[in-house]
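Peer 1: Predicted model and sequence below, questions to follow.
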Amino acid sequence: MATATTEWVPLSRHQIAARIAQDIPEGWYVNLGIGVPTLVADNVPKEREVVFHSENGILGIGPAPEKADLDPWLINAGKEYVTLLPGGSFFHHADSFAMIRGRHLDLCVLGAYEVSSRGDLANWARSDDDTAPAVGGAMDLAVGAQRVWVAMQHVTKSGEPRIVETCRYPLTARASVTRIYTDLAVLDVTPDGLQVREMVAGLSLEALQEKTAAPLRLAADR
Amino acid sequence: MATATTEWVPLSRHQIAARIAQDIPEGWYVNLGIGVPTLVADNVPKEREVVFHSENGILGIGPAPEKADLDPWLINAGKEYVTLLPGGSFFHHADSFAMIRGRHLDLCVLGAYEVSSRGDLANWARSDDDTAPAVGGAMDLAVGAQRVWVAMQHVTKSGEPRIVETCRYPLTARASVTRIYTDLAVLDVTPDGLQVREMVAGLSLEALQEKTAAPLRLAADR
Amino acid sequence: MIDKLAASVAEALTGLEDGATLLLGGFGAVGQATHLIEGVIETGARDLTVVANNAGYGQVGLARLLKEGRVRKLICSYPRIAGSTIFEELYSAGGLELELVPQGTLAERMRAAGAGVPAFFTPTGADTSLARGREIRRFGNRDCVLEEALYGDVALIEAWEADRWGNLTYRAAGRNFNPVCAMAARLTIAQTQHLRRDEPLDPETIVTPGIFVDRVVHLAYGDPIT
Amino acid sequence: MIDKLAASVAEALTGLEDGATLLLGGFGAVGQATHLIEGVIETGARDLTVVANNAGYGQVGLARLLKEGRVRKLICSYPRIAGSTIFEELYSAGGLELELVPQGTLAERMRAAGAGVPAFFTPTGADTSLARGREIRRFGNRDCVLEEALYGDVALIEAWEADRWGNLTYRAAGRNFNPVCAMAARLTIAQTQHLRRDEPLDPETIVTPGIFVDRVVHLAYGDPIT
């Protein structure tokens, strides 16, 4: 029956964030990019202590404040008001990026326009002649963190694959991404290419491959 | 009369230090090397505020403590117990040498084995095959401070000049020293060579030249 | 007596010249020396190069300086943010030169200037269009780009507390680029929320030692202006 | 729950291997992690490379480690000081390899390792015998030598106060190389005089954030041992 192949439901943005949160063990130091990655923090169970880092000089970022407790001096890299958890600290920008570039972060989670089968990341500019471009800390995070995980929609709004052989968008970093979480699947970037660890219930490898412009295979140990 | 030419008296170590102290204006940040330079601090009038820096992470070094007030955690680069003056601060070694190497010190005063007429400084090793050599912060200070002044005896114990055309001892830094204070004279290192600013009373330029292995002339504006 | 206090913004900005390179602390609106930046307009200085993480917000601080046409070139990591309309208009119209620098490289280049490091290698950006035409060298298994120190003529920074020796502390995320800018400029000017004139700050908790600070102006202006 | 406390020096040193590069904080006797360094002897580790400003004092700490013959190579700025008799004997007898590094370059090379800078240029030492055979490049009007980052396997540092997250403060001149070593090693172990287990240190006055610290051992040993 034709319907049998379409019975899967893509994950929502919050579900992607929750799925990523599952894989973050206690004690990791983690930087979260803007968008879906930011949602990851709220999905880590309270009893599992993870230390969130912000580029603007903060370790120990906590959830958004109640309005009454808002500290106008305490913002994250996305310029949103945040709180500080016990054990947190403040430091200047050179020290903050020493943490990033010196490979002290266990993980960063970033959004992306495209990821290649070798882990090349494109997430900072839509074209080489971008009007008024902005790069921020994307390139630093992509080369610096021990692991770079990407959270993104599997395909563009028009249905084009975002996981490709070679990125068409300007690169943020080469061979950087180690894992991709999409609304359809979890994929590892390995020396042997992309390996599928999980798919949403009802989705076949063939159907996922159709939406992916690089060869996939199932992870042996999944 | 032959006696007339020998009526001069060389400065003592303390007098050299006191002479140097005269030339340090209020508000300068100054690093003092081990030996005679260390004595400079006590000769700056109390009402003239000068901030002394120590390589091991201190600004605002004060005089040696009374025994009862000794803090065993507060030593200078020479590993002597010191005090901290109001306005002082502590910082780590990379920041401390950022101050030195980043040209933030107005002055450092160093001892020397030899200084050349171009301001080359030799003050760290007695020979190229020194057994168990030690360099410390000498090379950092010599290239980093805005001004490098040397405090030394004009000649060796055996009467050999220490101010020379070309240093025989291993170099600490090239074209670094800007002024030399000896027990006999104060000399500026200029693009036009060594210029004598002061001599001890009774000493002639000819007599000073005899003890100096590089051409001297009197400073025009002295 | 050492006393780095200036009586006014105008006095604090004495000596700022046309063509100067200004280093601005702040990340978003937090820790931005808004009053000093706006004071630059009054000095009449123009043809400025401005180094800052963002390109200003709304109609205050750097946004006003841009609007007044005083800035020739911006060295920046993230100019395009919500509210950066003045930057976007100027840039689209070709009225502003932009050098885009990754945020960590921006911080490290200023720190290098302050620490006497004329140039350093970093993997950040090495495989990207920002490294076009630049020197690349491999260390270990990574390509790295050579980055040069970024020196300022004048740094304008914002502190929480200061004493007459120019020692500074910051508040929370207000620290950001401020201590780094302070190291990198020949003349560093701080506006401070709180002043302890003769009572020195705790030597253990000073973030920017006074050696990096030339002038302090006391402006109890309240929370960040957005 | 994050808890970086180790119950003993032996537990804190778990995993230290033969041939490791050790980064030691301390300047003179102040801020030296004497008990951790002596604990290295008990682990049996040998063939070590040790990075430290001095080569040890009297008969404690690094001096003992040297005497026990565990150190193959010393990377050091000022090995020869009053009381460094064990170093001098070993070095004269050819029992120790020495790499002499200017003190600021030593600090900056470790800071570079911790900050992801594989190499940098500095004028320090460029015109001296220490730069023989090294790459020299001119920046502005100064010759500079290329210096590489100095990475450690294990850093042994000394703190004044710590919490269970590994945040650290230091006391007075006890800070020195400790925060720099903490950044530069894969495994950083701190001995601390005071412990605030669950009561976090003040986020504004932490000198070494816990991200740079892996293990903490509480040793209320009193003043520096000279």
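Peer 2: Thanks, I have the structure now. Numbering: from 1, shown residues only, chains lettered A, B, ... in the order given.

Peer 1: any chance you could map the strands in chain A?
Peer 2: A:29-32, A:51-54, A:58-62, A:83-90, A:107-110, A:114-116, A:121-122, A:148-152, A:163-164, A:179-182, A:185-190, A:193-199, A:216-218 (DSSP state E).

Peer 1: In terms of secondary structure, what does the second one contact?
Peer 2: Based on contacts counted as 3 or more C-beta pairs under 8 Å, 6 or more residues apart in numbering or on different chains; DSSP states H and E, the elements that strand A:51-54 packs against are strand A:29-32, strand A:58-62, strand A:83-90, helix A:93-101. To be clear about C-beta, it is placed using only N, CA and C from the backbone, and glycine gets the same treatment.

Peer 1: show me the contacts for residue A:159.
Peer 2: Contact analysis of residue A:159 by C-beta atoms under 8 Å, 6 or more residues apart in numbering or on different chains lists residue A:211.

Peer 1: repeat for residue A:136
Peer 2: Residue A:136 is in contact with A:55, A:77, A:124, C:77-78, C:102-103, counting by C-beta under 8 Å, 6+ apart.

Peer 1: And the pLDDT for the nearest residue to residue C:151 once chain neighbours are set aside?
Peer 2: The shortest distance from residue C:151 to any non-neighbouring residue, by C-beta to C-beta, 6 or more residues apart in numbering or on different chains, is to residue C:113 (4.4 Å). According to the prediction, residue C:113 has pLDDT 98.

Peer 1: Next to chain D, which bits of chain C? Give me the list.
Peer 2: With C-beta under 8 Å from any C-beta of the partner chain as the criterion, chain C meets chain D at residues C:108, C:112, C:115-124, C:137, C:139-140, C:142, C:144, C:148, C:169-172, C:203-205.

Peer 1: shaky segments in the chain?
Peer 2: Picking chain A for this. Applying pLDDT under 70 to chain A flags residues A:1-6, A:131-132.

Peer 1: switch to chain C, that's the one I care about
Peer 2: Using pLDDT under 70, chain C drops low at C:225-226.

Peer 1: Select the longest helix from it.
Peer 2: What stands out as the longest helix in chain C, according to DSSP state H, is helix C:103-115.

Peer 1: I'd like to know which elements that one is packed against.
Peer 2: Against helix C:103-115 (3+ C-beta pairs under 8 Å, 6+ apart) you get helix A:93-101, helix A:138-144, helix B:93-101, strand C:119-122, strand C:142-148, helix C:178-184.

Peer 1: got these as a markdown table, with mean neighbour count columns?
Peer 2: Output for the helices and strands packed on helix C:103-115, formatted as a markdown table (neighbours: other C-beta atoms under 10 Å in any protein chain shown):
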| stretch | mean neighbour count |
| --- | --- |
| helix A:93-101 | 27 |
| helix A:138-144 | 31 |
| helix B:93-101 | 27 |
| strand C:119-122 | 26 |
| strand C:142-148 | 19 |
| helix C:178-184 | 30 |
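
Peer 1: Between the ones you listed, which one is closest to residue C:163.
Peer 2: Closest to residue C:163 of the helices and strands packed on helix C:103-115, according to C-beta to C-beta: helix C:178-184, at 14.8 Å.

Peer 1: how about the helix or strand that the closest one is followed by: buried residues?
Peer 2: Proceeding C-terminally, helix C:178-184 gives way to strand C:185-196 as the next helix or strand, assigned by DSSP states H and E. Going by neighbour count (16 or more other C-beta atoms under 10 Å in any protein chain shown), the buried part of strand C:185-196 is C:185, C:187-193, C:195.

Peer 1: partner strands of the helix or strand just after strand C:185-196, parallel or antiparallel?
Peer 2: Sequence order places strand C:215-218 as the next helix or strand after strand C:185-196, per DSSP H and E. Next to strand C:215-218 in the sheet, as set by DSSP bridges, lie strand C:5-6 (parallel), strand C:185-196 (parallel).

Peer 1: which ones are touching residue C:223?
Peer 2: Contacts of residue C:223 (C-beta under 8 Å, 6+ apart): A:72-73.

Peer 1: follow-up on the earlier one: would you turn the contacts of residue A:136 into JSON lines with distance to residue B:206 and neighbour count?
Peer 2: Shown next, in JSON lines, are the contacts of residue A:136 (distance: C-beta to C-beta, whole Å; neighbours: other C-beta atoms under 10 Å in any protein chain shown):
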{"residue": "A:55", "distance to residue B:206": "67", "neighbour count": "27"}
{"residue": "A:77", "distance to residue B:206": "71", "neighbour count": "27"}
{"residue": "A:124", "distance to residue B:206": "72", "neighbour count": "27"}
{"residue": "C:77", "distance to residue B:206": "64", "neighbour count": "27"}
{"residue": "C:78", "distance to residue B:206": "68", "neighbour count": "25"}
{"residue": "C:102", "distance to residue B:206": "63", "neighbour count": "31"}
{"residue": "C:103", "distance to residue B:206": "64", "neighbour count": "29"}
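
Peer 1: Okay, and which of those map to helices?
Peer 2: Those of these lying in helices (DSSP H): residue C:103.
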